[in-house]
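J.: Please work out how this folds:
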Amino acid sequence: MRASRAPLPFDEVERARVLHRPSEPIPQASQLHLLVHFGQHCPHLFRCKLHVDPKIFDDILNLISGHPIFHNNSNNLQLPISIQLAIFLNCVGHYGNSATLQDVSEWAGISVGSVVNCTNRIMVALLDQHDAFMGFPHLIHRTLSLLSNILHGKSKYSLGCQAVIMPHNLLIVDYSLGHPGSIHDAYAFRSTRIYQEHDTLLPAGHWVWADSAYPLDTWSVYEWSMHLLH
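T.: Numbers count the residues shown, from 1 in each chain. All right, here's what the predicted structure looks like:
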């Protein structure tokens, strides 16, 4: 008779998908219901949690509610779209320890996997709205401002992010995302649409206001500084 082998630890982990199962389940207490009160009576607390005004939240919700990503034939119903959007905004609006999946799951009273699923669905719905919101409107003001390397850190892995905004209303009209944080600002700027098509995008007399890391041209101007005289 052939003896059966004892299950290896790897087999147990592969079967259970967990390294340690707690003897008692962790209690969950959602704080999502507080957002309704915050939105009606304490909008500053609403902004602290989701980093948008209640009206902006409602506008985003109306824009994405009809997306097919929120409708499927599964027997397991999704969370309401408003809750998924709140979870997404809380997740992307924080950084550090408060942005971990575990922290967001405890705040929302759901599993870590549900946080990931909600975030992915909202991202798909928002990205499908990209072309409707990213573009060059009629330029009322003559200047655009260039923000650069929002996520750059010394000796740390990071992605460079540049945004071209209209200073009077902070409307983002162009951006560059995906270059390593070590890439020079001027090189990353070349991948933006405004750099490649400035002749057609910027009317006569309009320019981009940047810093000295960017090219100086008739359409790209940086702040005058005393050190330039030396």
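J.: Find the centremost residue of the protein, please.
T.: In the chain, the centroid-proximal residue (C-alpha atoms, centre = their mean) is residue 92; its distance is 5.1 Å.
J.: Can you pull the phi and psi angles for that one?
T.: Dihedral angles of residue 92 (phi, psi; degrees, to the nearest 10) stand at phi -80, psi -10.
J.: For residue 217, see how far away it is.
T.: In this view, residue 92 and residue 217 are 35 Å apart by C-beta to C-beta, to the nearest Å. From N, CA and C alone the C-beta is placed, and that goes for glycine too.
J.: do the same with residue 107
T.: In this view, residue 107 and residue 217 are 47 Å apart by C-beta to C-beta.
J.: Compare the two (neighbour count), which wins?
T.: Neighbours per residue (other C-beta atoms under 10 Å) separate residue 107 from residue 217, with residue 107 holding more: 21 against 10.
J.: can you tell me which residues contact that one?
T.: Shown in contact with residue 107 (C-beta atoms under 8 Å, 6 or more residues apart in numbering): 30-32, 90.
J.: Name the SS class of residue 175, please.
T.: At residue 175 the chain is in strand, as set by DSSP: H, G, I helix; E, B strand; the rest coil.
J.: beta partners for it?
T.: Using DSSP bridges, the beta-bridge partners of residue 175 come out as residue 163.
J.: ok, and for the longest helix seen in the chain, which residues are buried?
T.: When the chain is parsed with DSSP state H, its longest helix is helix 112-127. Across helix 112-127, burial judged by 16 or more other C-beta atoms under 10 Å covers 114-115, 117-119, 121-122, 125-126.
J.: Please apply the same query to stretch 75-83.
T.: Within stretch 75-83, the residues that count as buried by 16+ other C-beta under 10 Å are 78-79, 81-83.
J.: Tell me where the chain has helices.
T.: 9-16, 34-41, 43-50, 54-64, 81-92, 101-108, 112-127, 130-133, 185-189, 193-196, 198-201.
J.: Can I get those in JSON lines including mean pLDDT and distance to residue 221?
T.: Formatted as JSON lines, the helices of the chain follow (pLDDT from 0 to 100; distance: least, C-beta to C-beta, whole Å):
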{"stretch": "helix 9-16", "mean pLDDT": "57", "distance to residue 221": "59"}
{"stretch": "helix 34-41", "mean pLDDT": "93", "distance to residue 221": "42"}
{"stretch": "helix 43-50", "mean pLDDT": "92", "distance to residue 221": "34"}
{"stretch": "helix 54-64", "mean pLDDT": "93", "distance to residue 221": "32"}
{"stretch": "helix 81-92", "mean pLDDT": "93", "distance to residue 221": "32"}
{"stretch": "helix 101-108", "mean pLDDT": "89", "distance to residue 221": "42"}
{"stretch": "helix 112-127", "mean pLDDT": "92", "distance to residue 221": "32"}
{"stretch": "helix 130-133", "mean pLDDT": "77", "distance to residue 221": "26"}
{"stretch": "helix 185-189", "mean pLDDT": "82", "distance to residue 221": "14"}
{"stretch": "helix 193-196", "mean pLDDT": "86", "distance to residue 221": "13"}
{"stretch": "helix 198-201", "mean pLDDT": "83", "distance to residue 221": "12"}
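J.: Nothing else from me, thank you.
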